[in-house]
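*Asks:* For reference, the sequence and a predicted model appear below.
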Amino acid sequence: MKTNEVIQWLGALGIIGGHLLNSMGPEYYPWNIVSFFAGTCMFMWWCIRVGNKPQLAVNVVAFLLGMIGLIRAFG
């Protein structure tokens, strides 16, 4: 498997994990945010590698919101 595919799959697993934790209830907070953030970082890395600028814009916003969430969760 090529490196870019591995990075994309890691991103997908992070985002899926975040949604799974959200569906399981509030007791999994803040781990849902951690999972979403990890997935976002992988997708952002992939976007930089392949030069996908529209998706990079989405991931930069998601990254910043994830940082806010992590700061609020962990102080």
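*Replies:* It's in.
*Asks:* Can you give me the neighbour number for Gln55?
*Replies:* Neighbours of Gln55 under the rule other CB atoms under 10 Å: 14. To be clear about C-beta, it is placed using only N, CA and C from the backbone, and glycine gets the same treatment.
*Asks:* Same check on Trp9?
*Replies:* Neighbours of Trp9 using other CB under 10 Å come to 13.
*Asks:* which secondary structure elements does whatever helix or strand it lives in contact?
*Replies:* For Trp9, the host element (DSSP states H and E) is helix 3-24. Helix 3-24 is packed against helix 31-50, with contacts defined by 3 or more CB pairs under 8 Å, 6 or more residues apart in numbering; DSSP states H and E.
*Asks:* immediately after the helix it packs on, which helix or strand?
*Replies:* helix 53-74.
*Asks:* Please find the angle between the direction vectors of that next one and helix 3-24.
*Replies:* 40 degrees (axes from the mean of the first three to the mean of the last three CA atoms, to 10 degrees).
*Asks:* if we can go back for a sec, now do the same for the helix holding Trp9: mean pLDDT, whole number.
*Replies:* Throughout helix 3-24, pLDDT has a mean value of 97.
*Asks:* Torsion angles phi and psi at Gly51?
*Replies:* The phi/psi pair for Gly51 (degrees, to the nearest 10) reads phi 70, psi 30.
*Asks:* okay, it: pLDDT?
*Replies:* 96.
*Asks:* For Lys2, see how far away it is.
*Replies:* As judged by CB to CB, to the nearest Å, Gly51 and Lys2 stand 16 Å apart.
*Asks:* just to revisit the earlier point, for the helix holding Trp9, which residues meet the burial criterion?
*Replies:* Of all the residues in helix 3-24, those buried under the rule 16 or more other CB atoms under 10 Å are 7-8, 10-11, 14-15, 17-18, 21.
*Asks:* And for stretch 34-54?
*Replies:* In stretch 34-54, counting by 16+ other CB under 10 Å, buried: 34-47.
*Asks:* Stretch 53-62 now?
*Replies:* 56, 59, 62.
*Asks:* Do you know the pLDDT at Pro30?
*Replies:* 96.
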